[in-house]
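Any chance you could fold what I've pasted below:
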Amino acid sequence: MHYITRALESRLQKYEKTYKAILLTGARQVGKSTLFKKVFADRKYISLDDPFMEQQAREAGNMFLTLNPPPVTIDEVQRAKELFRYIKMKCDESEEKGLFCLSGSQPFHLMQNISESLSGRIGILELSVLSLRECMGDAFNKHFLPTMEYASERRKSVKKPENIWEIIHRGGYPELQDQDKEWSGFYADYVKTYIERDVRELAAVQDLNAFRQLMIAVAARTGEILNYSSIALEIGKDIGTVKNWISILEASGIIYLLEPYTSNVLKRAIKSPKLYFRDTGLVCYLTRWLTAETLAYGAMSGAVFETFVVSEILKSFSNEGLDYRHFVSYYRGRDKKKMKEGGETIELEAEIDLIIEENGVLYPVEIKKNSEVKAIMTSAFTVLDQIPGKERGMGAVVCNCPDVGLLRENVLQMPVWYI
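Numbering: from 1, shown residues only. Down below sits the predicted model:
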């Protein structure tokens, strides 16, 4: 299969010269092993998916590293947490950089081990499914901001896809970029492997059929505020179990929980996170939208489009080596806002789909699947003016419009392919 250049390649090369160890995290099959083999082709490569190698690493870590000395790449390193103490010892024995390249698909378990043993010695990066930029062969690698400066720079290399819904429906897993790869077969195998291997490793889940039902229920709620009670009622499990299983989906990179913007001024803001799948193809498979055309005109098109946009924005940060958790949030308030629609005045909850915070400036983003958008859609942006010590920056409506345009003095319309 043709190799697709990944945005993290240059960042990995820089980290090799900066840190004694590199950790690359990300969900199963996003291309971690392929990326390491491509960037560090001369290194010895070991996968702890091999039961024999896993046993050696767990039971005789010192001997394992003696037989496999650095520089070395160790894949699925979370399978042998006992190995971290010996990796730390090797790092402390040498002043050389780039001794270990480690990868794993269970970031939170890995983080616990790293915080205890490799703090200050390791650079951590996250690899997601392919971004739209990577799929289009666009080398632009700066994180998204809804500003004129960003739009002007982005315009120099941006490529408009022929059919954005085909890309959204297909999903971003590298294996699926081979058009001969059967879509539903890939996701069927992916879900089966994920549930039978990763889920059982992360937690002692006995009822795998119920967990599969949870994945479907959660996929149907992508882009919505997380409601544990509703999911528990649908799958017939208690709230504690649902919370535990949701944390498994988050820990293994299947979903992302977008936290609300917190400020004492916004007293009526909803405090629950919003739930997003990390890959829209997996959402479509689980919710049975089997073609791009039915998705584009279906009941979930708005939620899946929003999921795609949020995911692309998160990738733009992680592919630059930034932790998006420090930059993004959302807002929904219980105060009603009034707006006119079809000559009638209606009341809606004030909502901002995404807030990007950088250097004390808050950039609000609204997400719409439409090709035509209006400034009134951004009326909630003014709520950010209440927050002391923060400045409201340029906002945008990310949509399917043909080009960047100005909706009002400080609000842009921006095509989704500009992310």
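
drop to CA atoms for contacts and neighbour counts, all remaining ones
Will do.

Show me the strands in the stretch 301-419 of the chain, by range?
If you assign secondary structure with DSSP state E, counting those that start in this stretch, the strands in the stretch 301-419 of the chain sit at 328-341, 344-358, 361-367, 391-392, 395-399, 405-408, 411-415.

That should have said the stretch 51-200 of the chain, apologies.
72-75, 100-104, 122-126.

which one of the strands of the stretch 301-419 of the chain has the lowest average pLDDT?
Mean pLDDT is lowest for strand 328-341 out of the strands of the stretch 301-419 of the chain, coming in at a mean of 71.

quick one on the thing from earlier: buried deepest among the strands of the stretch 301-419 of the chain, which one?
Here the criterion is mean neighbour count by mean count of other C-alpha atoms under 10 Å, and of the strands of the stretch 301-419 of the chain the winner is strand 395-399, at a mean of 27.

tell me the domain boundaries of the protein?
The chain is divided into the following domains under automatic domain parsing: 9-126, 132-418.

tell me the mean pLDDT over the shortest one?
The predicted model gives domain 9-126 an average pLDDT of 89.

And it, end to end?
From the first residue to the last, domain 9-126 extends over 12 Å; the measure is C-alpha to C-alpha, to the nearest Å.

for stretch 89-103, same thing?
Distances were taken as C-alpha to C-alpha; on that basis the terminal residues of stretch 89-103 are 19 Å apart.

got the buried residues for that stretch?
With burial defined by 16 or more other C-alpha atoms under 10 Å, the residues of stretch 89-103 counted as buried are 90, 91, 97, 98, 99, 100, 101, 102, 103.

With distance to residue 3 as new columns, can the domains of the chain be given to me in CSV?
As requested, the domains of the chain are arranged in CSV below (distance: least, C-alpha to C-alpha, whole Å):
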stretch, distance to residue 3
domain 9-126, 9
domain 132-418, 9
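
so which of the ones you listed comes closest to residue 2?
Each of these has some distance to residue 2 by C-alpha to C-alpha; the shortest is domain 132-418, at 8.0 Å.

and stretch 196-206, what's its mean pLDDT?
Here the average pLDDT along stretch 196-206 is 74.

Quick one: residues in contact with that stretch.
Applying C-alpha atoms under 8 Å, 6 or more residues apart in numbering, the external contacts of stretch 196-206 come out as 208, 211, 248, 252.

Point out the most buried one among the strands of the stretch 51-200 of the chain.
Using mean count of other C-alpha under 10 Å, strand 100-104 ranks as the most buried of the strands of the stretch 51-200 of the chain, with a mean of 25.

how far out from the middle of the chain is the longest helix seen in the chain?
For the chain, the helix that runs over the most residues, judged by DSSP state H, is helix 301-318. Put simply, helix 301-318 sits 8 Å off its chain's centre (C-alpha atoms, centre = their mean, to the nearest Å).

give me the beta-bridge partners of residue 44?
Residues found in beta-bridge contact with residue 44 (criterion: DSSP bridges) are residue 72.

From residue 72, how far out is it?
Counting by C-alpha to C-alpha, the gap from residue 44 to residue 72 is 5 Å.

What of residue 262?
For residue 262, the distance to residue 72 under the criterion C-alpha to C-alpha works out to 43 Å.

How about residue 155?
40 Å.

What of residue 59?
Counting by C-alpha to C-alpha, the gap from residue 59 to residue 72 is 19 Å.

Does residue 257 lie in a helix or a strand, and which?
For residue 257, the host element (DSSP states H and E) is strand 255-258.

Does anything pack onto that strand? Which helices or strands?
For strand 255-258, the elements it packs on are helix 239-251, strand 274-277, strand 328-341, judged by 3 or more C-alpha pairs under 8 Å, 6 or more residues apart in numbering; DSSP states H and E.

and after the shortest one, which helix or strand comes next?
Scanning forward in sequence from strand 274-277 by DSSP H and E, the next helix or strand is helix 280-286.

what about that following helix, distance to the chain center?
From the chain centre to the centre of helix 280-286 is a distance of 14 Å (C-alpha atoms, centre = their mean).

Can you tell me what sits against the following helix or strand past it?
Taking DSSP H and E as the definition, the helix or strand that follows helix 280-286 towards the C-terminus is helix 292-296. Applying C-alpha under 8 Å, 6+ apart, the external contacts of helix 292-296 come out as 165, 166, 168, 169, 170, 284, 289, 301.

So for helix 292-296, mean pLDDT?
The predicted confidence, averaged over helix 292-296, sits at 97.

those helices in the stretch 101-250 of the chain, which residues are they?
Listed in chain order, the helices of the stretch 101-250 of the chain (DSSP state H, counting those that start in this stretch) span 107-117, 132-135, 148-155, 164-170, 183-193, 200-202, 208-219, 228-235, 239-251.

how about the ones you listed, which one is nearest residue 388?
helix 148-155 (24.8 Å).

angle of the closest one against strand 411-415?
Helix 148-155 runs at 20 degrees relative to strand 411-415, counting by axes from the mean of the first three to the mean of the last three C-alpha atoms, to 10 degrees.

my read: residue 29 touches residue 173, true?
Yes. With contacts defined as C-alpha atoms under 8 Å, residue 29 counts as touching residue 173 at a distance of 6.8 Å.

separation between residue 240 and residue 231?
From residue 240 to residue 231 the distance is 11 Å (C-alpha to C-alpha).

Which one of these two is surrounded by more residues?
residue 231 (20 against 12; other C-alpha atoms under 10 Å).

So for the more buried one, what's the nearest residue that isn't a sequence neighbour?
Take residue 231 and drop its neighbours on the chain: the residue closest to it by C-alpha to C-alpha, 6 or more residues apart in numbering is residue 217, 6.5 Å away.

so how many other residues sit close to the one you found?
18.

Mind pulling up the pLDDT for it?
pLDDT for residue 217: 97.
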